[in-house]
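**Student:** need a structure here:
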Amino acid sequence: MVAHPARRFRTALAAAMALFAMGCSELKTSMAEAGGGESLCAPVPAPRNDQAANAYQQAVQRDECIHRWSYRFAKVPDSAESVVGAVIGACRAQIDRSATMLGEGDDAAERFYLAEMEKAAKERALYRVIQARAGNCS
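**Tutor:** This is a model prediction of the structure:
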């Protein structure tokens, strides 16, 4: 039985919001620590070799990919928007897989989720690029 598209969207949105909230709490912690000489940088997760078993795990892997590549590419002197484009390219497989997992074979749903995933991924990548540049993260 295929879940209703609205229910899948709410599930995906909840997962994305949870990941975004994790990033916000990281920033608050980092900024609080910044007064004590700590940086704005968050630890970069190691690449995973395992495939995600569900949409939540895939969202985590997508976010980790964005984090890794944003920090790597942040040193490029191009505009942050150009760097975000490179990050999206580097994480294309994770973004596409997220949309495919949520769409469950429904082409219209997959296109919808892909557009939503790309929008969220661009916002997350911009945050990470700016964070990396501001904190001089490696």
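**Student:** show residues contacting stretch 75-87.
**Tutor:** 66, 69-70, 73-74, 121-122, 125-126, 128-130, 132-133 (CB atoms under 8 Å, 6 or more residues apart in numbering). All C-beta atoms are positioned from the backbone trio N, CA, C, and that covers glycine.
**Student:** farthest pair within these?
**Tutor:** The distance between the two most remote of the contacts of stretch 75-87 (CB to CB) is 18.4 Å, for 121 and 133.
**Student:** could you check which of the two has the larger neighbour count?
**Tutor:** Higher neighbour count among residue 121 and residue 133: residue 121, with 23 against 16, using other CB atoms under 10 Å.
**Student:** and that one, what is it in contact with?
**Tutor:** 62, 66, 87-88, 91, 95.
**Student:** mind checking which of these land in helices?
**Tutor:** 62, 66, 87-88, 95 (DSSP state H).
**Student:** of those - the most surrounded one?
**Tutor:** residue 66 (29 neighbours).
**Student:** for residue 138, grab the count of nearby residues.
**Tutor:** Counted with other CB under 10 Å, residue 138 comes out at 11.
**Student:** could you find the closest non-adjacent residue to it?
**Tutor:** residue 71 (6.9 Å; CB to CB, 6 or more residues apart in numbering).
**Student:** isn't that neighbour right next to residue 44, touching?
**Tutor:** Yes - using CB atoms under 8 Å, residue 71 is in contact with residue 44, at 5.6 Å.
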